[in-house]
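In: I would like the atomic coordinates for the input below:
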Amino acid sequence: MSADDSLPDDVEMLKRLVHAGAADLARARAEASSAAALIAHLKLQIEKLKRELYGPRSERTARLLDQLELQLEELETAATEDEIAAEQAAASAGDTIPVRPFTRKKPSRKPFPAHLPRERVIVPGPTACLCCGGGRLRKLGEDVTETLESIPRQWKVIQHVREKFTCRDCEKISQAPAPFHVIARGWAGPSLLAMILFEKFGQHQPLNRQAERYAKEGVPISLSTLADQVGGCTVALTPLFKRIEAHVLSAERLHGDDTTIPVLAKGKTDTGRIWVYVRDDKPFGGPAPPAAAFYYSRDRAGEHPQAHLATYTGIFQADAYSGYGKLYEPGRSPGPIFEAACWVHARRPFFVMADLAENARRKGQGKKPAGISPLALEAVRRIDALFDIERTINGQSAERRKAVRQELSAPLVADLEAWMRGQRAKLSRGNDVAKAMDYMLKRWTVFTRFLDDGRICLSNNAAERGVRGIALGRKSWLFCGSDRGGQRAAVMYSLIVTAKMNDVDPQAWLADVLARIAEHPVQKLDELLPWNWCPLNAQARHAA
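Out: Numbers count the residues shown, from 1 in each chain. Predicted coordinates for the structure are as follows:
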């Protein structure tokens, strides 16, 4: 008996069988999409837990998390589409042909934050019993279904009314003084100013795009007017930048780095530089709050970091840029700066030559895999062993970190040097592995300085995190309009990045500071710094 003989002759029945087959196929596709989304979700959670437990394992960890989040976004979207398609296919199959339903298992959703206001929408209850039609009903309870909603941004004009009074005795007029504004004759409130600043420097939205969006919301504000507000706010906030700068340069140890920033020039675009110096004492248990100071320059000449750190003495962690050379001179005034090298920079070229995961991806895409260097792979393994030790002492005191390093890290470092010098003697000068080894061996003193000082970190990641936002923003704002624009951006980056480092919402902090700074006593300016900040409304509640 053939397969065709088992099919019914009824056309309607054949249609239902086709619909049932389509429903089964849609259900299978939905199950596969749901499983893929769940796997992606679990992978992302595992990587986040590893990051919290061990810290960033390499310079590629942040990029890996971004890739996993993007993959999860795509798979979750596809799984929802396939789930709906399976439901529709099952419904169209009819009741004659049974189709197994599909119910997707989704991760449990967290409850909405308690601080959000609740608006109760009462659905009218029945006036008669739905069963017998009786009217003797008594409320038994209620079921509440919560839906998160967003209210479009609201604009309003605040009128500050100052009443005038005349004296019956002397005929003089009395009136309360005008309220303070951040900018003279200011028309924009502090919350609006904070939003403009944070959108431009924190979210990388140029003023022309902001002006377009505001106009679509019914509030036309010209680009020149917005630029005027940004300039005025930068001047008003510069004293806070100076306080952050002083705090950063008083550190025992600094992280330093720089990145390119396109600058508009006559008929072309020049490549300027943004420099960052980060104070972060948390790795060695220091009580001082973290902060970052940014500077702008038109080029990468060594005179710029020498000017930035003219008054600094202490430990400086950075890459091997030659422009830092004069900072490390023994007879330097006002005092010595001790160089501490970054092991992540040293590890990176070895990692590129030993990237097994990248080779696997290339092979899977049908591309020719790059050669894996056994020497580079061994170097990465040895360096990673040092980072494993560092994770166990992160956040402990400098004395404890030094003791553990002397006991556990020093033997590994000595073995690494001996192995590296032995292998280097067998390699030619132009070999890529030899170049990576020379980078370390020629600076071995500054690479091993961490063994004798618990304040030194093994990496310069703190500074690299500081300039990451600028790298992300370059594609949005394309270039700075001038050198003044670069200097203005450096001031605002310092304020916003420092607020983020102290777990403070930059926009809320800027709004509160802009509302108060005009009448705030200069002697108490430190109260407005992110790590000391207490919102004005919180102060009022505390006083009450």
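In: so where's the stretch 151-300 of the chain uncertain?
Out: Flagging of the stretch 151-300 of the chain using pLDDT under 70 yields the residue ranges 264-269.
In: now the helices for it?
Out: With DSSP state H, counting those that start in this stretch as the criterion, the stretch 151-300 of the chain has helices at 190-197, 207-216, 223-249.
In: deepest of the ones you listed, which one?
Out: helix 190-197 (a mean of 21; mean count of other C-beta atoms under 10 Å). Yep, even glycine has a C-beta here, placed from its N, CA and C like the rest.
In: what residues does the helix or strand hosting M440 touch?
Out: M440 is part of helix 432-441 when elements are defined by DSSP states H and E. Helix 432-441 is contacted from outside by 320, 346, 349-350, 353, 373, 375-376, 379, 417, 420-421, 423-424, 427-428, 447, using C-beta atoms under 8 Å, 6 or more residues apart in numbering.
In: now for C233: which residues touch it?
Out: 182-183, 193, 197, 514.
In: of all the helices of the stretch 151-300 of the chain, which one is nearest L386?
Out: helix 223-249 (27.6 Å; C-beta to C-beta).
In: run the chain-centre distance for the closest one.
Out: 22 Å (C-alpha atoms, centre = their mean, to the nearest Å).
In: between that helix and helix 190-197, how many degrees?
Out: Going by axes from the mean of the first three to the mean of the last three C-alpha atoms, to 10 degrees, helix 223-249 is angled at 80 degrees with respect to helix 190-197.
In: and the angle for helix 223-249 with helix 207-216?
Out: 130 degrees.
In: dump the C-alpha coordinates for stretch 270-282 into PDB.
Out: Coordinates of each C-alpha in stretch 270-282 appear next as PDB, following Å, rounded to 0.1, in the frame of the first residue of the first chain:
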ATOM      1  CA  ASP A 270      43.000  67.200  11.700                       C
ATOM      2  CA  THR A 271      43.600  64.500  14.300                       C
ATOM      3  CA  GLY A 272      43.700  65.900  17.800                       C
ATOM      4  CA  ARG A 273      44.200  64.000  21.100                       C
ATOM      5  CA  ILE A 274      42.200  63.600  24.200                       C
ATOM      6  CA  TRP A 275      44.300  62.600  27.200                       C
ATOM      7  CA  VAL A 276      42.900  61.100  30.400                       C
ATOM      8  CA  TYR A 277      44.400  60.600  33.800                       C
ATOM      9  CA  VAL A 278      42.500  58.300  36.200                       C
ATOM     10  CA  ARG A 279      42.800  58.000  40.000                       C
ATOM     11  CA  ASP A 280      41.400  54.700  41.200                       C
ATOM     12  CA  ASP A 281      42.600  53.500  44.600                       C
ATOM     13  CA  LYS A 282      40.100  50.700  44.900                       C
END
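In: in that stretch, what counts as buried?
Out: Of all the residues in stretch 270-282, those buried under the rule 16 or more other C-beta atoms under 10 Å are 272-281.
In: of the contacts of C233, closest to E329?
Out: Set against E329, the nearest of the contacts of C233 by C-beta to C-beta is L197 (39.7 Å).
In: do I have it right that the closest one meets W509?
Out: No: using C-beta atoms under 8 Å, L197 makes no contact with W509, being 10.8 Å away.
In: mind putting the helices of the stretch 151-300 of the chain in TSV, distance to D257 included?
Out: Converted to TSV, these look like this (distance: least, C-beta to C-beta, whole Å):
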stretch	distance to D257
helix 190-197	24
helix 207-216	27
helix 223-249	13
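In: I'd like to know which of those is closest to K15.
Out: helix 207-216 (49.5 Å).
In: give the contact list for the residue lying closest to A251 once chain neighbours are set aside.
Out: Of all residues not flanking A251 in the chain, R279 sits nearest, at 4.0 Å (C-beta to C-beta, 6 or more residues apart in numbering). For R279, the contact set (C-beta under 8 Å, 6+ apart) comprises 247-248, 251, 253-255, 288, 290-292.
In: 7 Å instead, please
Out: Neighbour list for R279: 247-248, 251, 254, 288, 290-291 [criterion: C-beta atoms under 7 Å, 6 or more residues apart in numbering].
In: for ChimeraX, write the select line for the buried members of the residues you listed.
Out: Command for ChimeraX, covering only those of the contacts of R279 found buried under the criterion 16+ other C-beta under 10 Å:
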select :247,248,251,254,290,291
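In: okay, and for the stretch 401-544 of the chain, where does confidence drop off?
Out: For the stretch 401-544 of the chain, the stretches flagged by pLDDT under 70 are 473-481, 536-544.
In: any idea how far L193 is from F387?
Out: Using C-beta to C-beta, to the nearest Å, one obtains 43 Å as the distance from F387 to L193.
In: whoops, I mixed them up, I122
Out: 40 Å.
In: and for D415?
Out: In terms of C-beta to C-beta, D415 sits 57 Å off from L193.
In: what does W343 give?
Out: Taking C-beta to C-beta, one finds W343 at 43 Å from L193.
In: longest helix anywhere in this structure?
Out: Criterion DSSP state H: the longest helix present in the chain is helix 11-54.
In: extract the C-alpha set from the helix holding M440 and format it as PDB.
Out: The C-alpha trace of helix 432-441 is given here as PDB (Å, rounded to 0.1, in the frame of the first residue of the first chain):
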ATOM      1  CA  ASP A 432      56.700  39.000  15.300                       C
ATOM      2  CA  VAL A 433      57.100  37.000  18.500                       C
ATOM      3  CA  ALA A 434      60.600  38.400  18.900                       C
ATOM      4  CA  LYS A 435      59.200  41.900  18.600                       C
ATOM      5  CA  ALA A 436      56.600  41.200  21.300                       C
ATOM      6  CA  MET A 437      59.300  39.800  23.600                       C
ATOM      7  CA  ASP A 438      61.600  42.700  23.000                       C
ATOM      8  CA  TYR A 439      58.800  45.100  24.000                       C
ATOM      9  CA  MET A 440      58.900  43.500  27.400                       C
ATOM     10  CA  LEU A 441      62.500  42.600  27.900                       C
END
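In: about what we covered before: ok, which of the helices of the stretch 151-300 of the chain comes nearest V157?
Out: Using C-beta to C-beta, the nearest of the helices of the stretch 151-300 of the chain to V157 is helix 190-197, at 11.0 Å.
In: got the CA positions of the closest one in PDB?
Out: Provided in PDB are the C-alpha atoms of helix 190-197 (Å, rounded to 0.1, in the frame of the first residue of the first chain):
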ATOM      1  CA  PRO A 190      18.800  73.400  35.200                       C
ATOM      2  CA  SER A 191      17.100  70.200  34.200                       C
ATOM      3  CA  LEU A 192      17.000  71.200  30.600                       C
ATOM      4  CA  LEU A 193      20.600  72.300  30.600                       C
ATOM      5  CA  ALA A 194      21.700  69.100  32.200                       C
ATOM      6  CA  MET A 195      19.800  67.100  29.600                       C
ATOM      7  CA  ILE A 196      21.500  69.100  26.800                       C
ATOM      8  CA  LEU A 197      25.000  68.600  28.300                       C
END
